[in-house]
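# please find the sequence and the predicted model below.
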Amino acid sequence: MKHFVFNRRAALRIAAASTITFFMRDYPALAAGEPRDLLWEDLLPEIDSPSQSSGMSTPLLDHSSPPPEQSITGKDVVHELAGTRIRIPGYIIPLDYNGEGVKELILVPYVGACIHVPPPPPNQLILVRIEQPYNPREMFEPVYVTGVLGILEEETDLAEVGYSLQAEAITPYE
């Protein structure tokens with residue numbers, strides 16, 4: 001009669017494999033090599049679309065001027081994007097600049113957002129954290145940010161934020 005011997009390494013391998021399989025099934029974009037290119041409109045749930053709420057066919061966002069004051073619907077986010085590896089263009093608002101660069105910032109859809117009152121709605125703000133400090137070339141520099149998107153309900157000194165992004169890279173917008 002053979003006895004079953006518990007092998008801790010085998011158990012850990014099985015647990016890790018099942019976790020990775022589960023994670024990749026629920027978040028397929030993380031398993032893919034290329035990030036998904038997003039636009040700011042993609043961060044708006046269907047109910048926030050101006051054309052749906054007013055019945056008119058107007059553009060989703062007008063980046064030439066600050067948006068209207070934050071509304072209750074501005075707090076709604078697209079939960080299906082959580083865990084997706086993305087690349088999104090925007091402008092950085094540094095939250096903690098030291099001599100080496102920025103490690104935490106708010107990514108905004110247009111120049112001057114969060115500086116002017118009122119700030120954009122939470123579903124149009126992304127709190128970005130990056131391991132290696134990013135040193136912007138100039139104030140209000142347009143950039144691409146690549147990383148894994150998360151849902152976040154947090155209020156900073158500047159505004160309420162609806163998304164988070166653990167950045168892999170911040171590159172100048174070309």
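Noted; the coordinates are in hand.
# helix or strand with the lowest mean pLDDT in the protein?
Using mean pLDDT, DSSP states H and E, helix 8-26 stands out as the lowest-scoring helix or strand of the chain, at a mean of 39.
# partners of whatever helix or strand G90 lives in in the sheet?
Secondary structure from DSSP states H and E places G90 in strand 85-94. Using DSSP bridges, strand 85-94 pairs in its sheet with strand 36-37 (parallel), strand 101-108 (antiparallel), strand 142-155 (antiparallel).
# what comes into contact with it?
29-30, 32, 35-40, 102, 104-111, 113-115, 126, 128, 134, 136, 140-149, 158, 165, 170, 173 (Cβ atoms under 8 Å, 6 or more residues apart in numbering). Heads up, the C-betas are built off the backbone N, CA and C, glycines and all.
# can we see that at 6 Å?
Residues from elsewhere that reach strand 85-94 (Cβ atoms under 6 Å, 6 or more residues apart in numbering): 29-30, 35-38, 102, 105-109, 111, 114, 140, 142-146, 148-149, 173.
# list buried residues within the residues you listed.
29, 35, 38, 102, 105-109, 114, 143-146, 148-149 (16 or more other Cβ atoms under 10 Å).
# what two of these are the furthest from one another?
The largest separation in these, counting by Cβ to Cβ, is between A29 and C114 at 27.6 Å.
# in TSV, list the strands paired with strand 85-94 along with mean pLDDT.
Formatted as TSV, the strands paired with strand 85-94 follow (pLDDT from 0 to 100):
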stretch	mean pLDDT
strand 36-37	97
strand 101-108	91
strand 142-155	91
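# got those as a markdown table, with distance to I88 columns?
Shown next, in a markdown table, are the strands paired with strand 85-94 (distance: least, Cβ to Cβ, whole Å):
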| stretch | distance to I88 |
| --- | --- |
| strand 36-37 | 8 |
| strand 101-108 | 7 |
| strand 142-155 | 6 |
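# and of these, who's closest to L81?
The nearest among these, by Cβ to Cβ, is strand 142-155 at 5.3 Å.
# show me the contact partners of the helix or strand following the closest one.
Counting by DSSP H and E, the next helix or strand C-terminal to strand 142-155 is strand 160-172. Applying Cβ under 6 Å, 6+ apart, the external contacts of strand 160-172 come out as 77, 122-123, 125-130, 134, 143-150, 152, 154.
# again with stretch 125-145
87-89, 91-92, 100-107, 111, 152, 159, 161, 163-167, 170-173.
# among these, which ones are buried?
Judged by 16+ other Cβ under 10 Å, buried ones among these: 87-88, 91-92, 101-103, 105-107, 152, 159, 161, 163-165, 167, 170.
# pull up the distance across stretch 93-111, start to finish.
9 Å (Cα to Cα, to the nearest Å).
# could you report the neighbour count for G99?
As a burial measure, G99 scores 6 neighbours (other Cβ atoms under 10 Å).
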